[in-house]
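> this one's sequence-less:
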């Protein structure tokens, strides 16, 4: 088999040719007249999507923020790709491995609205952002700004760089219910000094679901000569946005969350002008100036995951990011509106509905989050995760596209009973 035919076979036929996709397209066309908000409540359509997931009957899964399971068409293609790579073995690895990975990276860049020579496929958000934190051209005494609510893995890398290179860390607390975007922007602004080199900010705070005004923060930081690195672990393929329009310098995300790619894939976006000054996490051979490939030496890795990125993107586009975001926000608001105002219920998510989407956090006064999560699972068969720290005490609740309003009603009744 010649290389061109081999490459074509490995990339595989479009998922759009499958009967399920044709049914979804037909149903989607039938309701094309509906607005996004109306479509978000179209239970006929979302029930059809639910059929595409193999769900455990023992419990309701409201912890999709960690890992969004693959719909069956994507899962089947993933298994096919594993078998195919295994069949060709080293022949695949030595011939078309990198060409295929480049095609997946190009598809991701198109989805993210950035240039393909400014994006690499990594293993997850942690690898993406730690590449920047450890690879930044720090000098002793330089300062880095972040938030106490940021993800622990990145905070740990900052602490390691602090120990090794003598940088200064300045952490702020993110206001939970800002009256306007400028309240958050000013919180970061006040932490910046002439010694600040890098500011890290979450696009969506993982423990509360709070969506931050990234463009305004970036514009402010740039006006003060500071570069901005965005943790987009929960935002990509969840919110409808354009990386270029965010005006950030670096953006890292995980693809096993809202894009539903198999575990082991993420990406790092880095502005072209920052590539040469960034030290790679793993050393690469000599590359051309401005070539992002120097930051992408990962050694031998599960390449079938790279291939499946294309399938996940196709599934994502079949639904459409506007409809997906609207449905996820509708599901969150559905249960939050029912528990808001109940005595002893604490909502650790902004009251302004535009400042969150699928993720919200709820606690009960007098009950430890670990006890709450245990009771939800043991007494009500509802799977969640406990969050207990940095001013947030409750369970993170994260539905997915397959979640039904009936399941959320069961969750609401569980909360009322526990209160």
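Nice, I can see it. Quantities reported herein were computed from a predicted structural model and do not represent experimental measurements. Residues are numbered from 1 along each chain as shown.

> Other residues contacting stretch 268-275?
Residues from elsewhere that reach stretch 268-275, judged by CB atoms under 8 Å, 6 or more residues apart in numbering: 112, 114-115, 117-120, 122, 127-129, 131-132, 227, 243, 248-252, 278, 290-292, 294-295. No exception for glycine: its C-beta is placed from N, CA and C like everyone else's.

> Make a ChimeraX selection of whichever of those turn out to be buried.
Filtering these down to the buried ones (16 or more other CB atoms under 10 Å) takes a single ChimeraX command:
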select :112,114,115,118,119,120,122,127,128,129,131,132,227,243,248,249,250,251,252,278,292,294,295
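
> What about the contacts of stretch 268-275, which are in helices?
Assigned to helices by DSSP state H, the following of the contacts of stretch 268-275 qualify: 112, 127, 128, 129, 131, 132, 243.

> Closest to residue 404 out of those residues?
residue 112 (30.4 Å; CB to CB).

> does the closest one really touch residue 118, like I thought?
No. Judged on CB atoms under 8 Å, residue 112 makes no contact with residue 118 at a distance of 9.5 Å.

> re earlier: from the ones in helices among the contacts of stretch 268-275, which two are the most distant?
Maximum distance among the ones in helices among the contacts of stretch 268-275 (CB to CB): 18.0 Å, for 127 and 243.

> Would you map the strands across the stretch 1-150 of the chain?
60-61, 119-122, 143-147 (DSSP state E, counting those that start in this stretch).

> Quick check: phi and psi at residue 172.
As for residue 172, its main-chain torsions (degrees, to the nearest 10) stand at phi -110, psi 170.

> Who does it form a beta bridge with?
Residue 172 has the following beta-bridge partners by DSSP bridges: residue 147.

> Can you give me the neighbour number for residue 366?
Number of residues near residue 366 (other CB atoms under 10 Å) recorded here: 8.

> which intervals of the stretch 101-250 of the chain have sub-threshold pLDDT?
Within the stretch 101-250 of the chain, the set of residues satisfying pLDDT under 70 is empty.

> What are the boundaries of the helices in it?
125-135, 152-165, 181-189, 214-223, 243-246 (DSSP state H, counting those that start in this stretch).

> buried ones in the longest one?
Of all the residues in helix 152-165, those buried under the rule 16+ other CB under 10 Å are 153, 154, 155, 157, 158, 161.

> Same check on the fourth one?
Of the residues in helix 214-223, those scored as buried under the neighbour-count criterion (16+ other CB under 10 Å) are 214, 217, 218, 220, 221.

> likewise stretch 46-54?
For stretch 46-54, by 16+ other CB under 10 Å, it's 46, 48, 49, 50, 52, 53.

> between those, which is nearest residue 345?
Looking across the buried residues of stretch 46-54 and measuring by CB to CB, the closest to residue 345 is residue 46, at 26.6 Å.

> In contact with that closest one, which residues?
Contacts of residue 46 by CB under 8 Å, 6+ apart are 327, 401, 402, 404.

> In those residues, which residue is surrounded by the most others?
residue 327 leads those on contacts (other CB under 10 Å) with 26 neighbours.

> Please list all residues in contact with that one.
Counting by CB under 8 Å, 6+ apart, residue 327 has contacts 39, 40, 46, 401.

> Would you reformat the residues you listed as CSV and include pLDDT?
CSV is the format used below for the contacts of residue 327 (pLDDT from 0 to 100):
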residue, pLDDT
39, 93
40, 96
46, 96
401, 97
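
> quick one: which of the residues you listed sit in helices?
Of the contacts of residue 327, the ones assigned to helices by DSSP H are 39, 40, 46.

> Please tell me how far the last one sits from residue 404.
Pointing back at residue 46 there. For residue 46, the distance to residue 404 (CB to CB, to the nearest Å) stands at 8 Å.

> what about residue 210, neighbour count?
26.

> Isn't it up against residue 177?
No. Between residue 210 and residue 177 there is no contact under CB under 8 Å: 9.4 Å.

> Identify the contacts common to those two.
With CB under 8 Å, 6+ apart as the test, residue 210 and residue 177 both reach residue 350.

> which residues touch the closest residue to residue 196 other than its chain neighbours?
Leaving aside its sequence neighbours, residue 196 sits nearest to residue 143 (CB to CB, 6 or more residues apart in numbering; 4.5 Å). Residue 143 sits next to 167, 168, 169, 170, 193, 195, 196, 197 when contact means CB under 8 Å, 6+ apart.
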